[in-house]
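Colleague: this is the structure alone, sequence omitted:
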């Protein structure tokens, strides 16, 4: 079976430096707070919290940091109220961009995202202007290892309810319907597979290529500015990299 996409093209990947890790941990801390507020602090009865914990572990967030974040969120249910807001727009030459934010100040987030689009040679559009060009899917990435039998992994994923499996490249990519994501992820983890990344994502249906060096420079500036914004949770685009 062939995957819906190439892993590197799905989401703008950040460099694994300390600053980027700090940003990722900040965002995951917010996601934990939202999950705990919505469904409680017990992962056994809160599937959203289980998903965020899995994401935290995939990003090498220490267990004690995860536990502290859960306890902090449970003890401050009336504290900061984070709001999930999605922005859509275009980069240079019409590259489609979706920005997901998790913020306690939507005016600040909107201004920062708009500035990133403007300085990156693009423009922010209306809700729905590019999201129809993406499919929302669960995505589980497992790093290739000599101890992993590809066929066994594929069968385990499909038996658990996965839609698609791609064994090309350096990683195995497993695609699920959003509603089946948690079930498939937990089944694979129970079978001993450790995801490199696991989350609900937006997969482009088509890709846009940039050839002009100036357009590429502007697009990179747009993505870098979004990466540096602590309110930004995820950035998806259809740039053919």
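Modeller: Cool, got the structure. Since the structure is predicted, the reported quantities are computational estimates derived from the model, not experimental observations.
Colleague: tell me what the longest helix belonging to the chain is packed against?
Modeller: Looking across the chain with DSSP state H, the single longest helix is helix 18-39. In terms of contacts (3 or more CB pairs under 8 Å, 6 or more residues apart in numbering; DSSP states H and E), helix 18-39 is packed against helix 47-58, helix 63-75, strand 96-103, helix 213-228, strand 232-237. Where C-beta positions appear, they are placed from N, C-alpha and C, glycine not excepted.
Colleague: any idea of the mean pLDDT for that helix?
Modeller: Helix 18-39 shows a mean pLDDT of 83.
Colleague: next one: stretch 52-71
Modeller: 90.
Colleague: ok, and what's touching that stretch?
Modeller: For stretch 52-71, the external contacting residues (CB atoms under 8 Å, 6 or more residues apart in numbering) are 21, 24-25, 28-29, 31-33, 35-36, 41, 43, 49, 185, 189, 195-199.
Colleague: doesn't residue 178 make contact with residue 200?
Modeller: Yes - judged on CB atoms under 8 Å, residue 200 makes contact with residue 178 at a distance of 5.4 Å.
Colleague: between the helices and strands packed on helix 18-39, which one is closest to residue 153.
Modeller: helix 47-58 (16.5 Å; CB to CB).
Colleague: relative to helix 63-75, how tilted is the closest one?
Modeller: Orientation check (axes from the mean of the first three to the mean of the last three CA atoms, to 10 degrees): helix 47-58 against helix 63-75 gives 150 degrees.
Colleague: residues of helix 47-58 that come out buried?
Modeller: Within helix 47-58, the residues scored as buried using 16 or more other CB atoms under 10 Å are 48, 49, 50, 51, 52, 53, 54, 55, 56, 57, 58.
Colleague: got the angle between that helix and helix 18-39?
Modeller: Angle of helix 47-58 versus helix 18-39, following the same axes, to 10 degrees, is 160 degrees.
Colleague: going forward, begin numbering at 447 instead of 1
Modeller: Will do, 447 is the new start, and the previous item becomes helix 493-504.
Colleague: please report how far residue 594 lies from residue 587.
Modeller: 13 Å (CB to CB, to the nearest Å).
Colleague: neighbour count: these two, which is higher?
Modeller: residue 587 (20 against 13; other CB atoms under 10 Å).
Colleague: next, count neighbours for the residue lying closest to residue 469 once chain neighbours are set aside.
Modeller: Leaving aside its sequence neighbours, residue 469 sits nearest to residue 676 (CB to CB, 6 or more residues apart in numbering; 6.5 Å). Residue 676 sits with 15 neighbouring residues when counted by other CB under 10 Å.
Colleague: got it, and the one 4 residues further on?
Modeller: Around residue 680 sit 18 other residues, with neighbours defined as other CB under 10 Å.
Colleague: for it, give the beta-bridge partners.
Modeller: Counting by DSSP bridges, residue 680 is bridged to residue 546.
Colleague: distance of it from residue 580?
Modeller: 12 Å.
Colleague: thinking again about what came up before, ok, and for the longest helix of the chain, which residues are buried?
Modeller: Applying a neighbour-count criterion of 16+ other CB under 10 Å, one finds 469-471, 473-483 buried in helix 464-485.
Colleague: any chance of the residues you listed in a markdown table, with distance to residue 554 too?
Modeller: A markdown table is the format used below for the buried residues of helix 464-485 (distance: CB to CB, whole Å):
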| residue | distance to residue 554 |
| --- | --- |
| 469 | 16 |
| 470 | 20 |
| 471 | 20 |
| 473 | 15 |
| 474 | 20 |
| 475 | 18 |
| 476 | 14 |
| 477 | 19 |
| 478 | 21 |
| 479 | 18 |
| 480 | 18 |
| 481 | 23 |
| 482 | 24 |
| 483 | 21 |
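Colleague: no more questions from me, cheers.
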